[in-house]
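The following comprises the amino acid sequence and a computationally predicted model.
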Amino acid sequence: MVIDELELQIKAGDGGPGRVSFRREKYVPRGGPDGGNGGDGGSVYVKAVSDLGALSRYRHHPEILGESGEPGGVRLKTGKDGQDVTFVVPVGSILTDIESGETWDLDVPDKTILLAQGGKGGKGNTEFKSSTRQTPDYAQKGTTGQKRIIRVDLQYIAQIGLIGLPNAGKSTLLNVLTNAQVKAAGYPFTTLEPNLGDLHGVIVADIPGLIEGAHEGKGLGIRFLKHIRRTRLLVHCIDCTTRDPVRDYVTIRSELAHFDSDLLEKPEIILLTKTDEVEAKEVEKIAKLFTKKRHIVYNYSALDDESVQELTKQLLNYAGKAIS
């Protein structure tokens, strides 16, 4: 199961305390100060990686801690700095500081961001020596490392999103187009989480099927729709074997509107699926119901190599990528 939402406790390391010490020399019972400064605390960074399962490692361990700096030593020795910590999240993760509202979008691989700054090491008593105070007997504490509560929200980086009712043929389409090995069966809700495939360098996302009332929690709900927010094109899969394909289309559009009305503005094509299971005249009739409303419509059957090749070509054109 891919984890796409998580809350993390982020804490950078504290700065180490400065040292109070004095030189110990023969015949000098209390020499001048020689306390060293504390080491700086380690900072916490986040890095984007191409691993959709990266968040699973934090599910039961949601704390990311930087190492604190070590105390200053005698003879002006500075304490060792704490090690920085870098944790990873999948590309497409949006991080939000729950308290401040600050956000970071890790939208490309290897993008690295400083989330929590380590504390500064405290000054040793040597730093406080002056002409009027030759033997200061105090040192400075290190400062506290930055602390945040971070919400991680993964939104897949995909150029094309497949949407439709359950059992509309989305998973089969993903498998045919990209050679993904997604489970596909002739019953609803085979797909329980989004799946990705690679179509000649174009990422395609298969979103679990929606039903009427999904925005009210029916079926699998609508939260998976966040994974098509970044897409350039929506492919609306319409099953030709259902009683009312137009109503099916309206149902999905309504659920999109309930989740985020901006999704309705995305470029969209209607893909008639399972065309091999009905007569050609019926397919043509269904297509006309949509084309008369100025929708772009394509016919497709997973059993027809020619229709698969033509669909592949058209999808890559929409994505701005030609097959070499």
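That came in fine, so what should we check first? Residues are numbered from 1 along each chain as shown.

ok, what's across the strand from T103?
Here T103 shows beta-bridge partners T96, assigned using DSSP bridges.

Please read off the pLDDT at it from the model.
pLDDT recorded at T103 is 98.

try the one 4 residues further on
Each residue has a pLDDT score; the one for D107 is 94.

what's the answer for I149, then?
I149 is assigned a pLDDT of 98 by the prediction.

what's the following helix or strand after the helix or strand hosting it?
Using DSSP states H and E, I149 sits in strand 147-154. Following strand 147-154 in sequence order, the next helix or strand is strand 160-164 (DSSP H and E).

Now do that following strand, average pLDDT.
This predicted structure assigns strand 160-164 an average pLDDT of 94.

And for stretch 260-279?
Stretch 260-279 shows a mean pLDDT of 93.

Any idea how far that stretch is from the middle of the chain?
For stretch 260-279, the gap between its own C-alpha mean and the chain's C-alpha mean amounts to 26 Å (C-alpha atoms, centre = their mean, to the nearest Å).

Please shift the residue numbers so they start at 683 in all later answers.
Sure thing, new numbering starts at 683, so read that last one as stretch 942-961.

And it, what's buried?
Judged by neighbour count (16 or more other C-beta atoms under 10 Å), stretch 942-961 contains these buried residues: 945, 950-957. The C-beta positions use only the backbone N, C-alpha and C, and glycine is treated the same way.

Identify those among these that sit within strands.
Restricting the buried residues of stretch 942-961 to those inside strands, with DSSP state E as the criterion, leaves 950-955.

Rebuild those as a markdown table, extending it with distance to L855.
A markdown table is the format used below for those (distance: C-beta to C-beta, whole Å):
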| residue | distance to L855 |
| --- | --- |
| E950 | 15 |
| I951 | 12 |
| I952 | 13 |
| L953 | 7 |
| L954 | 11 |
| T955 | 7 |
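
now for the residues you listed, which pair is the farthest apart?
Set against one another by C-beta to C-beta, these have their most distant pair in E950 and T955, with a gap of 15.1 Å.

correct me, but I776 touches Q837?
Yes. Counting by C-beta atoms under 8 Å, Q837 is a contact partner of I776 at 6.2 Å.

what residues are up against I842?
Contacts here follow C-beta atoms under 8 Å, 6 or more residues apart in numbering; on that basis I842 touches 881, 884-887, 913-917, 997, 1000-1001.

What's the PyMOL syntax to select whichever of the residues you listed are buried?
Remark: buried members of these, expressed as a PyMOL selection using 16+ other C-beta under 10 Å:
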select buried, resi 881+884+885+886+887+913+915+916+917+997+1000+1001
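
now, which of the contacts of I842 lie within strands?
For the contacts of I842, secondary structure assignment (DSSP E) places 881, 884-887, 915-917 in strands.

out of those residues, who's nearest I845?
Comparing these against I845 with C-beta to C-beta picks out L916 as the nearest, at 5.8 Å.

where does this structure dip in pLDDT?
Using pLDDT under 70 as the threshold, the predicted model of the chain has low-confidence ranges 683, 709-712, 864-874, 899-903, 1003-1006.

E707: how many residues sit nearby?
10 (other C-beta atoms under 10 Å).

Not including adjacent chain positions, what is the nearest residue to it?
Counting by C-beta to C-beta, 6 or more residues apart in numbering, G713 is the residue found nearest to E707 once chain neighbours are left out, at 5.2 Å.

could you measure that neighbour against R757, distance?
When distances are taken as C-beta to C-beta, to the nearest Å, G713 and R757 turn out to be 11 Å apart.

Likewise for T933?
Taking C-beta to C-beta, one finds T933 at 76 Å from R757.

Please apply the same query to Q691.
Computed as C-beta to C-beta, the Q691 to R757 distance reads 38 Å.

D926 now?
Distance of D926 to R757, computed by C-beta to C-beta: 85 Å.

Just say helix, strand or coil for Q691.
Applying DSSP: H, G, I helix; E, B strand; the rest coil to Q691 yields a three-state assignment of strand.

That one: neighbour count?
That count, for Q691 with other C-beta under 10 Å as the rule, works out to 13.

can you give me the strands in the stretch 833-982 of the chain?
Per DSSP state E, counting those that start in this stretch, the stretch 833-982 of the chain carries strands over the ranges 842-846, 877-881, 884-888, 915-921, 950-955, 979-981.

Could you dump those into TSV and include distance to G824?
Conversion of those to TSV gives the following (distance: least, C-beta to C-beta, whole Å):
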stretch	distance to G824
strand 842-846	49
strand 877-881	45
strand 884-888	45
strand 915-921	53
strand 950-955	56
strand 979-981	64
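
among the ones you listed, which is nearest V767?
Between the strands of the stretch 833-982 of the chain, strand 877-881 lies closest to V767; by C-beta to C-beta that is 28.6 Å.

Pull up the overlap in contacts between G713 and R757.
With the criterion set as C-beta under 8 Å, 6+ apart, the overlap between the contacts of G713 and R757 is R705.
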